[in-house]
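Novice: Next comes the sequence, and after it the predicted model I'd like to discuss.
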Amino acid sequence: MGKTDELSKTYHFIYMDIVAFSDPRIYAIEQLEKITQLNKIVKDSRTFSESNPNRRVIKATGDGMVIGFGESCEQPYNLACEIHKALNEYNKDKEDRHQIKLRIGLHTGAVFEGLDITGDRDVWGPGIIFAQRVMNEGRDGHILATDGIANELKKLRPEIDRMIKEVGPREVKHGEILNIYNIFDESEGIGNPSAPFLKRHKLTVGSYPIQGIPFTVSGPPITCPDCGAEIPADSKFCNKCGYKL
């Protein structure tokens, strides 16, 4: 990234990617059409268009994007809701392979700002990393949030509070623990009320600092969040598309 600014900056992040984007059964031109349409939905949204570009950071991720808002934690939440409503309309008359199936992660955290190899502004740090990690626990339609941003959102409005449901602690990459919340409203077609995608985890006493209690998740085969294949619960990679779990 080149030289960074001396101090980190805090943003409210929304990380999104298209589920099964790398499915080899889908032509590259169809994948490009999905990215193009997702970009249009985000760009046309009220939340994005009314946000201050000087207090906003954006990174393309190939199969989606991450956006950090510097004004309010409601911005990523509002954008997620707008995207879901737009996708419901976009997908309703399309065959399954042409539908855009999205998963979303929300997190508030710090990043450093600097320049990328072309000299353009870029950001990196735990704010983006944990937005991605909470998103990775989701499946098609999920809007998942870490406890920091979820607890702030719950304090703001009763209608938001009702939509946010605690899922519980999850062990993510490098053994770190995230307390995850699921955001949904079935009546509005927002989010996915089903249990998020879970890998098999075993947490020992004391590994979760808030509760300090044993927590084990195990069960039947799981679904690859990238291609949708059914795979063994303890898999490290999808044996169909190679997705790293």
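Specialist: That came in fine, so what should we check first?
Novice: For the protein, which element, helix or strand, carries the lowest mean pLDDT?
Specialist: Of all regular secondary-structure elements in the chain, judged by mean pLDDT, DSSP states H and E, the least confident is strand 215-217 with a mean of 41.
Novice: next SSE after the top strand by length along the chain?
Specialist: Across the chain, the strand with the greatest residue count (assigned by DSSP state E) is strand 102-115. Using DSSP states H and E, the helix or strand that follows strand 102-115 in sequence is strand 121-124.
Novice: next helix or strand past that following strand?
Specialist: Using DSSP H and E, the helix or strand that directly follows strand 121-124 along the chain is helix 126-136.
Novice: could you say what helices and strands that following helix packs with?
Specialist: Counting contacts by 3 or more C-beta pairs under 8 Å, 6 or more residues apart in numbering; DSSP states H and E, the secondary-structure elements packed against helix 126-136 are strand 9-18, strand 64-69, strand 102-115, strand 143-146, strand 177-183. C-beta: built from backbone N, CA, C; applies to glycine.
Novice: let's see it at 10 Å
Specialist: With contacts defined as 3 or more C-beta pairs under 10 Å, 6 or more residues apart in numbering; DSSP states H and E, helix 126-136 has these neighbours: strand 9-18, strand 56-60, strand 64-69, strand 102-115, strand 143-146, helix 147-154, strand 164-171, strand 177-183.
Novice: Which secondary structure elements does the third one sit against?
Specialist: To tie it back to what came earlier, the one meant is strand 64-69. strand 9-18, helix 28-44, helix 46-50, strand 56-60, helix 74-91, strand 102-115, helix 126-136.
Novice: Can you give the strand pairings for that strand, parallel or anti for each?
Specialist: Here strand 64-69 has these sheet partners by DSSP bridges: strand 9-18 (antiparallel), strand 56-60 (antiparallel).
Novice: in it, what's buried?
Specialist: If you call a residue buried by 16 or more other C-beta atoms under 10 Å, then strand 64-69 has these buried ones: G64, M65, V66, I67, G68, F69.
Novice: residue nearest the centroid of this structure?
Specialist: G105 (2.3 Å; C-alpha atoms, centre = their mean).
Novice: show me the contacts for that residue.
Specialist: Contacts for G105 were tallied using C-beta atoms under 10 Å, 6 or more residues apart in numbering; they are 13-17, 66, 76, 80, 130-138, 142-146, 149, 178, 180.
Novice: How about G141?
Specialist: By C-beta under 10 Å, 6+ apart, the contact set of G141 is 19, 84, 87-88, 101-104, 184, 189-194.
Novice: what pairs with the residue nearest to the centre of the chain across the strands?
Specialist: Here G105 sits in beta bridges with Y15, L144, going by DSSP bridges.
Novice: can you pull the pLDDT of it?
Specialist: Predicted confidence (pLDDT) at G105: the value is 97.
Novice: Likewise for the one 10 residues further on?
Specialist: Looking at L115, its pLDDT is 85.
Novice: Fine by me, thanks again.
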